[in-house]
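[1] just coords:
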């Protein structure tokens, strides 16, 4: 049962990450802050196709932080579409793909229980090396609020952000 609960939290957190990537791709969900150094997100304006991710911060996000948010939005879009193969191949790192021994099977089991979700990103911190990042987010899954979660990402060899650790 504990493994099922962790997988459910992981799925919700990943959904937030993926929705953010869609927004970064230029869907018009961001507004320019005016100083040319970063972008801020409109408070409570849903991101991505599925509209399941929001950014709850009025600060400016640099390009790497925006890419992390976009990855969360992409994850949420894929979760909404039940595209678990896509999540495993395009969102998760190779290490994260090993969850439950069968990434797609594990996500199918946990994803089938999710009727509705929302991810609220409160912050994104990129490591000094520029290769790792941590996003803080809260989730609502099937009407039940979860506490703040951390989502850890790392850049792969192509420079794309991948989810390495879900929840804590």
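    Done, it's in. Because the structure is a prediction, the values reported are computed rather than measured.
[2] Can you list the residue ranges for helices in this structure?
    Using DSSP state H, the helices found in the chain span residues 2-24, 63-80, 84-86, 103-111.
[3] by how many degrees do the last one and helix 63-80 diverge?
    Taking axes from the mean of the first three to the mean of the last three Cα atoms, to 10 degrees, helix 103-111 and helix 63-80 form an angle of 70 degrees between their directions.
[4] Check which helices and strands helix 103-111 is in contact with.
    Contacts defined by 3 or more Cβ pairs under 8 Å, 6 or more residues apart in numbering; DSSP states H and E place helix 103-111 against helix 2-24, helix 84-86. Yep, even glycine has a C-beta here, placed from its N, CA and C like the rest.
[5] Need the pLDDT of residue 72.
    Note for residue 72: predicted pLDDT of 95.
[6] Share the number of residues neighbouring the closest residue in space to residue 91 that isn't next to it in sequence, please.
    In space, and not counting its chain neighbours, residue 91 is closest to residue 75: 4.8 Å by Cβ to Cβ, 6 or more residues apart in numbering. Number of residues near residue 75 (other Cβ atoms under 10 Å) recorded here: 35.
[7] my guess is residue 75 contacts residue 87, does it?
    Yes - under the criterion of Cβ atoms under 8 Å, residue 75 makes contact with residue 87 at 6.3 Å.
[8] number of nearby residues for the nearest residue to residue 86 once chain neighbours are set aside?
    Leaving aside its sequence neighbours, residue 86 sits nearest to residue 78 (Cβ to Cβ, 6+ apart; 4.8 Å). As a burial measure, residue 78 scores 29 neighbours (other Cβ under 10 Å).
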